[in-house]
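# quick one: sequence plus predicted model below, questions after.
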Amino acid sequence: MKRLSLLTLIFALLSVVFFLMLIFFRTPFPLYPFMSWQDALDIFTPLVLIPIYWLMFRYGSSERPRLAEEIVFLLFACLWIAGQGMHLSANSINNLAEGMAKNRLLNILDTNVYQLAYFFDEHLSHFMWHLGVIGLAALIIFRQWSKPSEATTNWWLVVPAGTLYGFTCFCFFLEGQTVILGFPFAAIITLVILIWQRKALKQRPIMAFFLVSFLVATLFFTGWAAYYQGFPQFSDVGLI
């Protein structure tokens, strides 16, 4: 069955679009110019990605999820959505404030209002959102580990999907200043799957996808740390 392997590729491509590509749409949104196209499109991020998480959660296993598993999924999904929504609104406010200061219209960058919005944007929202990302990935891996579906891994789909998503994870953990969450998680999941599930990956497409993803992310984190002697953001080294 190619369905699960194809689902991982769709998930990876949409993650690239909503996590990485929206940054290039910071022009004013015509219906409400205080917003940008990035803000308007980002509203759809959880509406697109959370259902795909559910499909991987539901169909990555041969059995229907138990009530406890469904509750855990809902809790992590709520954390994901709450963090993403908080980031969307606070980031939009910060971008507007910084743009107004740059154009010498009004400068509130030294005020408590801006500092509070910055805290929600760059700190609290990122940790909530990315804990949701980690939690959902761990839950989906656990489900396929314990009750694998009868599906064959299509490596021609899973490897490019994992490579794309691994790079995406590296980018949003790095730029989100949550490397302390992402790097250890990626390294641990990579080792656990390689040690205990390596021989079973032919029948576990979603687990194979996450293995490739977190292996790629781990390699990028390691290379970045070696080159920069730490984990500076892309914006700190002039790449964006």
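On my side now, so go ahead. Numbers count the residues shown, from 1 in each chain.

# pLDDT of the helix or strand Phe209 falls within, averaged?
Element membership of Phe209 [criterion: DSSP states H and E] is helix 205-228. Across helix 205-228, pLDDT averages out at 97.

# and that helix, what does it pack onto?
helix 3-15, helix 125-146, helix 155-175, helix 179-196 (3 or more Cβ pairs under 8 Å, 6 or more residues apart in numbering; DSSP states H and E). C-betas here are computed from N, CA, C, even on glycine.

# outside of the longest one, which residues touch it?
In other words, helix 125-146. Helix 125-146 has contacts (Cβ atoms under 8 Å, 6 or more residues apart in numbering) with 53, 56-57, 60-61, 65, 69, 72-73, 75-84, 86-87, 90, 169, 172-173, 176-178, 181-182, 185, 189, 193, 197, 204, 206-207, 210.

# buried members of the residues you listed into PyMOL, please.
In PyMOL, a selection of the buried entries from the contacts of helix 125-146 looks like this (16 or more other Cβ atoms under 10 Å):
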select buried, resi 53+56+57+60+61+65+69+72+73+76+77+79+80+81+82+83+84+86+87+90+169+172+173+176+178+181+182+185+189+193+197+204+206+207+210
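
# what's the longest helix seen in the chain packed up against?
Counting by DSSP state H, the longest helix found in the chain is helix 67-102. When contacts are defined as 3+ Cβ pairs under 8 Å, 6+ apart, helix 67-102 packs onto helix 37-42, helix 45-59, helix 112-119, helix 125-146.

# which of those helices has the lowest mean pLDDT?
helix 112-119 (a mean of 90).

# what helices and strands are in contact with that one?
Under the contact rule (3+ Cβ pairs under 8 Å, 6+ apart), helix 112-119 is packed against helix 67-102.

# quick check: mean pLDDT across the helix it packs on?
For helix 67-102, mean pLDDT is 93.

# one more: stretch 183-192?
97.

# hmm, who's touching it?
With Cβ under 8 Å, 6+ apart as the test, stretch 183-192 has contacts from 134, 137-138, 141, 166, 169, 173, 210-211, 213-215, 217-218, 221, 231.

# just give me the neighbour total for the closest residue to Phe57 other than its chain neighbours.
Nearest residue to Phe57 in three dimensions, chain neighbours excluded: Ile140, at 5.2 Å (Cβ to Cβ, 6 or more residues apart in numbering). For Ile140, the count of nearby residues is 24 (other Cβ atoms under 10 Å).

# specify the local secondary structure of Leu105.
The three-state label for Leu105, taken from DSSP: H, G, I helix; E, B strand; the rest coil, comes out as coil.

# tell me the pLDDT at it?
Note for Leu105: predicted pLDDT of 80.

# repeat for Met1
52.

# likewise for Ser61?
88.

# report the beta-bridge partners for it.
Beta-bridge partners recorded for Ser61 (DSSP bridges): Pro148.

# how many residues are close by Arg58?
Applying other Cβ under 10 Å, we find 16 residues neighbouring Arg58.

# surely it touches Glu70?
No. Counting by Cβ atoms under 8 Å, Arg58 stays clear of Glu70, with 9.4 Å between them.

# give me the angle between the longest helix of the chain and helix 112-119.
Going by axes from the mean of the first three to the mean of the last three Cα atoms, to 10 degrees, helix 67-102 is angled at 140 degrees with respect to helix 112-119.

# on that earlier part again, farthest pair within the contacts of stretch 183-192?
The largest separation in those, counting by Cβ to Cβ, is between Ile141 and Phe231 at 24.6 Å.
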